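Visitor: pasting the structure only:
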């Protein structure tokens, strides 16, 4: 099947609902796509895989995929070992 034969993707009602929910979550979380000084998701306690560019944030108020350079108000430094 050629790419020309594929139907053009259109958002479904569930996509619009999830987009709105995530937008509200981002607004409530003060979730930013840029770091706040030296504070960034990659250096946060809740960033699951610090070696990855995109990883899961396991903070109980977020629990979503985030980018390494993102930031939110719940940023917490990793404890020194």
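Guide: Here it is on my side, so go on. Keep in mind the model is a prediction, meaning the values are calculated, not measured. Numbers count the residues shown, from 1 in each chain.
Visitor: Can you verify residue 20 is assigned to a strand?
Guide: No - using DSSP: H, G, I helix; E, B strand; the rest coil, the assignment for residue 20 is helix, not a strand.
Visitor: Can you name the residues bridging to the spatially most central residue of the chain?
Guide: Centroid check for the chain by CA atoms, centre = their mean gives residue 66 as the closest residue, at 2.6 Å. Note on residue 66: beta-bridge partners residue 55, judged by DSSP bridges.
Visitor: Look up how far residue 15 lies from it.
Guide: Distance of residue 66 to residue 15, given as CB to CB, to the nearest Å: 20 Å. Placement of C-beta: from N, CA and C, glycine included.
Visitor: Quick check: the residue nearest to the centre of the chain touching residue 49?
Guide: No - between residue 66 and residue 49 there is no contact under CB atoms under 8 Å: 11.0 Å.
Visitor: Touching, residue 70 and residue 43? I think so.
Guide: No - under the contact definition of CB under 8 Å, residue 70 does not touch residue 43, with a separation of 11.2 Å.
Visitor: between those two, which one's more packed in?
Guide: In terms of neighbours (other CB atoms under 10 Å), residue 70 is the more surrounded of residue 70 and residue 43; the figures are 22 against 16.
Visitor: give the contact list for that one.
Guide: Contact analysis of residue 70 by CB atoms under 8 Å, 6 or more residues apart in numbering lists 31-35, 40-41.
Visitor: Switch the residues you listed over to CSV; also include neighbour count, pLDDT and distance to residue 54.
Guide: Shown next, in CSV, are the contacts of residue 70 (neighbours: other CB atoms under 10 Å; pLDDT from 0 to 100; distance: CB to CB, whole Å):
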residue, neighbour count, pLDDT, distance to residue 54
31, 19, 87, 14
32, 15, 91, 15
33, 10, 93, 12
34, 9, 96, 15
35, 17, 97, 15
40, 19, 97, 13
41, 25, 97, 9
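Visitor: Could you dump those into JSON lines with distance to residue 59 added?
Guide: Output for those, formatted as JSON lines (distance: CB to CB, whole Å):
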{"residue": "31", "distance to residue 59": "10"}
{"residue": "32", "distance to residue 59": "14"}
{"residue": "33", "distance to residue 59": "17"}
{"residue": "34", "distance to residue 59": "18"}
{"residue": "35", "distance to residue 59": "16"}
{"residue": "40", "distance to residue 59": "14"}
{"residue": "41", "distance to residue 59": "10"}
